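Enquirer: Prediction below, plus the sequence it came from.
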Amino acid sequence: MTLFQRTTGPLGAPFLLLGGSLGSNLDMWRPQLPLFGDRLRVVRFDHRGHGGSPVPPGPYRIEDLGHDTLALLDRLGIERASYCGLSLGGMVGMWLAAHAPERIERLVLICTAAHLPPAEGWLTRAQQVRAGGMGPIADAVLGRWFTPRFRAALPARVAPYRAMIAACPAEGYAAGCEAIADMDQRDDLARIAAPTLVISGADDPGAPPEHGERIHEGIRGSRLVVVPNAAHLANVEQPDVIAQLIMDHVTD
């Protein structure tokens, strides 16, 4: 699997991989790029089934996405890197840190969960998307990604993200739902040795802060930060806060 990626930042700087949310593409990380600019070598990538990456038929599993990311590291000649993932990207990050610890320098997990039941809800959503496409669910997803106040105050900032959801390949989104339905990484958390920062959005309905608490409790020595006035795409709603948290952690 050859993932679509974009690499920016100076040669010789520490590598940071950025893995995005279910339904997103690598442009979701644009708000962080100005701060990262000259201090990190940033690799943004699209999960399989998303953005510019191939769309194999589902179902997918978290380990499939993890192996895709390891193949990306190999293709780019990166032996070891820090990894930051949000939502689905964070689930992949936990898998990488538990199963390929020699490849992960530092870990940032944003608005994610190690286990997100009920599976039936994810499987139903996968069926709906395969039957009707992404358009009918775009507004519901947007409602989880951003707080009502943010959507009302900054519609021009929100509009590209609705377009992002609508453009996501239906099969890729559905198969990603199946990966989340099948996932339970709770027992793997104790295997994670990389220095880990867990970030939750205080107003996140998709992965509420209690999921961040459980990850924090499971990863020895991790740090937890709950960011106020942020829903699921906390990096968009609070871009400077999230960027500074990531930067401080991976360059410490």
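Expert: All right, it came through fine. What you see is a predicted model, and the numbers here were worked out from it, not measured in a lab.

Enquirer: residue boundaries of the strands in the stretch 151-252 of the chain?
Expert: Ranges of strands in the stretch 151-252 of the chain, per DSSP state E, counting those that start in this stretch, are 196-201, 223-227.

Enquirer: Buried residues of the helix or strand of the chain with the lowest mean pLDDT, list them for me.
Expert: Least confident helix or strand of the chain, by mean pLDDT, DSSP states H and E, is helix 33-36 with a mean of 94. In terms of neighbour count (16 or more other CB atoms under 10 Å), helix 33-36 has its buried residues at 33, 35-36. In short, each C-beta sits where N, CA and C put it, glycine included.

Enquirer: could I get these as CSV with distance to residue 203?
Expert: Supplementary listing: the buried residues of helix 33-36 in CSV, determined by distance: CB to CB, whole Å:
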residue, distance to residue 203
33, 24
35, 23
36, 25
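
Enquirer: Point out the other helices and strands that the least confident helix or strand of the chain packs with.
Expert: The contact analysis (3 or more CB pairs under 8 Å, 6 or more residues apart in numbering; DSSP states H and E) places helix 33-36 against helix 239-250.

Enquirer: Give me the contacts around the helix it packs on.
Expert: Outside of helix 239-250, the residues within contact range by CB atoms under 8 Å, 6 or more residues apart in numbering are 14, 16, 31-32, 34-36, 39-40, 82, 84, 105-106, 108, 110, 195, 197, 199, 223, 225, 227, 234-235.

Enquirer: Pull out the buried residues from those residues.
Expert: In terms of neighbour count (16+ other CB under 10 Å), the buried residues within the contacts of helix 239-250 are 14, 16, 31-32, 35-36, 40, 82, 84, 105-106, 108, 110, 195, 197, 199, 227, 234-235.

Enquirer: circling back to that earlier point, so can I have CSV of the strands of the stretch 151-252 of the chain showing mean pLDDT and distance to residue 208?
Expert: Converted to CSV, those look like this (pLDDT from 0 to 100; distance: least, CB to CB, whole Å):
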stretch, mean pLDDT, distance to residue 208
strand 196-201, 98, 8
strand 223-227, 98, 10
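
Enquirer: Which one, of these, ends up nearest to residue 89?
Expert: Distance to residue 89, taken as CB to CB, is lowest for strand 196-201 among those, at 12.2 Å.

Enquirer: Which strands and helices lie in contact with the closest one?
Expert: Strand 196-201 sits against strand 104-110, helix 209-218, strand 223-227, helix 234-237, helix 239-250, with contacts defined as 3+ CB pairs under 8 Å, 6+ apart.

Enquirer: My guess is residue 224 contacts residue 213. True?
Expert: Yes: Residue 224 is in contact with residue 213 according to CB atoms under 8 Å; the separation is 6.7 Å.

Enquirer: what touches both of these two?
Expert: Contact criterion CB under 8 Å, 6+ apart; residues shared by residue 224 and residue 213: residue 200.

Enquirer: Counting neighbours, go ahead and name the busier of those two.
Expert: Each of residue 224 and residue 213 has its neighbours counted (other CB atoms under 10 Å); residue 224 has more, 17 against 14.

Enquirer: hmm, who's touching stretch 119-130?
Expert: The contact list for stretch 119-130 (CB under 8 Å, 6+ apart) reads 58, 116, 136-137, 170-171, 173-175, 177-178, 180-182.

Enquirer: do that again at 6 Å, thanks
Expert: The set of residues that contact stretch 119-130 without belonging to it, under CB atoms under 6 Å, 6 or more residues apart in numbering, is 170, 173-174, 177-178, 180-181.

Enquirer: before we move on, what about stretch 164-177?
Expert: 22-25, 49-50, 55, 58-60, 88, 122, 125-126, 129-130, 133-135, 138, 141.

Enquirer: Where does residue 123 sit, in terms of helix or strand?
Expert: Using DSSP states H and E, residue 123 sits within helix 119-132.
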